[in-house]
Each structure stands twice: as C-alpha cells, then as structure tokens.
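Novice: need the 3D shape of this:
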Amino acid sequence: MSTIKVNNIENRTGSSITIGGSSTTSLDLASTITGGTLTNTPAFKAGITELTIGYNTFTKITYNSEIIDTDNAYDSSNSKFTVPTGKGGVYFLGAFYTVATGTDSTGFQMHFYKNGSLLEADREIRAKTVNQSYNTVQAVGISELSAGDYIEVYANQASGGATDSYNIGYANQGRFYGYKLIGV
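Specialist: Just a heads-up that it's a prediction; the model follows:
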C-alpha cells in the first residue's frame, strides 16, 4: 500500500477529481471531513404552538413555526416539506405532538402523507395514561423521495370530542423534522 501526503489538492479548470476507479467498492473518509455531498441536507425542523384534532377524522397538523430549513424546502404557510430539484434520495422523517393534560391518548394515530396520499402508517403512542402532565404521539419513518415530492403530517384520534394540544405557549408542543440520509 502506498501513501500520498499533500497539503492541497486542486482540480484543473473545467475538470473534476476522481478518487478510486471502476473496481473501487468503498472509500473510508476521516471523521473530520465536512461539507460537500457528505452533509445530511436538505434538513428541516418546524414547530407548532396549538392544535385541535377533531374526533374520528384525519386532521392535517400545521407546523407553522420554521426552526431549521437548510434548502428553503419547508413551507410554513402550508406545512409541507418539498424535496428540492436534484435532492431526491432516502429521507428520515419524524413528527410528534403533545396531547393536552388529562387527555386519554388511547386511539391516537399519526401518519405521513406523500403528495396527498398515505405514505406510512408508522406511529407510536409514547404514553397513554390520563391526568399526566402530557402525552406524546409520534411517528418516524424512512422513505425514498424524488424531487418535487411533498410530505405532510396528519393525525386522528378516537378518544371522543375534539382534543387540544398541550399548550405551554411556544413551539414545543410538536415538531415535524427530516433530513436526507447519506450513504444509502
């Protein structure tokens, strides 16, 4: 094995640098390398301050407080993440919201919708006891998305009557977040 030690590698104008060849199956990179195509972007995170979910009907959750948006791909006016041009790939998606104090969260569901249709039925009820400080409903998933695909979050509950989110006065009752995975 040979080792090349240099301080700087630059490409010639109009050309690119190729590492490895047709027989290269993997390339190990130091943990200190950052930037370029080795970042988990696009990435976004949005929050919600208040939410009411009607009984036995799917309600779109409006995460209207943008916190992180690396590629300007999250639209807080319609609570959609849209995959930017040239950024298709495999994405990690997550969402949660916190149910009001004293609400029995049995029967709560949360789903991702892709382009207006059910994407995944991944969901979890973290706590389902009554009269606790709060109960959290969450969903996570990994999905292959193409440029132009958009993701929204919908929730349903069967506890009877309308159910409010836990109101603590700022965008911490819920989050919708995601990022493109690298190496997939």
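
Novice: ok, residue 76 - contacts?
Specialist: 46, 63, 64, 65, 66 (C-beta atoms under 8 Å, 6 or more residues apart in numbering). Where C-beta positions appear, they are placed from N, C-alpha and C, glycine not excepted.

Novice: and the residues you listed as CSV, adding pLDDT?
Specialist: CSV is the format used below for the contacts of residue 76 (pLDDT from 0 to 100):
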residue, pLDDT
46, 95
63, 92
64, 89
65, 89
66, 93
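
Novice: pipe the residues you listed into CSV and attach secondary structure and distance to residue 84 per row.
Specialist: Below are those laid out as CSV (DSSP: H, G, I helix; E, B strand; the rest coil; distance: C-beta to C-beta, whole Å):
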residue, secondary structure, distance to residue 84
46, strand, 16
63, coil, 18
64, coil, 20
65, strand, 21
66, strand, 15
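
Novice: need the residues you listed in JSON lines (columns: neighbour count and distance to residue 176).
Specialist: Listed next are the contacts of residue 76 as JSON lines, based on neighbours: other C-beta atoms under 10 Å; distance: C-beta to C-beta, whole Å:
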{"residue": "46", "neighbour count": "27", "distance to residue 176": "5"}
{"residue": "63", "neighbour count": "28", "distance to residue 176": "4"}
{"residue": "64", "neighbour count": "16", "distance to residue 176": "10"}
{"residue": "65", "neighbour count": "16", "distance to residue 176": "10"}
{"residue": "66", "neighbour count": "17", "distance to residue 176": "10"}
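
Novice: so, low pLDDT: which residues of the protein?
Specialist: For the chain, applying pLDDT under 70 flags the ranges 1, 14, 19-38, 100-107, 120-135, 159-172.

Novice: which parts of it are helices?
Specialist: For the chain, no helices are identified by DSSP state H.

Novice: show me where it has strands.
Specialist: 43-48, 52-53, 59-60, 65-69, 74-75, 80-82, 89-99, 109-114, 117-120, 124-125, 135-145, 150-156, 163-164, 174-180 (DSSP state E).

Novice: residue 68 against residue 41, yeah?
Specialist: No: if you go by C-beta atoms under 8 Å, residue 68 and residue 41 don't touch, sitting 10.1 Å apart.

Novice: higher neighbour count, these two?
Specialist: residue 41 (15 against 12; other C-beta atoms under 10 Å).

Novice: contacting residues for residue 94?
Specialist: Residues near residue 94 by C-beta under 8 Å, 6+ apart: 138, 139, 140, 141, 175, 176, 177, 178.

Novice: which residue packs closest to the last one, ignoring adjacent ones?
Specialist: Going back to what we said before, that points to residue 178. residue 93 (4.2 Å; C-beta to C-beta, 6 or more residues apart in numbering).

Novice: how near is that neighbour to residue 12?
Specialist: 41 Å (C-beta to C-beta, to the nearest Å).
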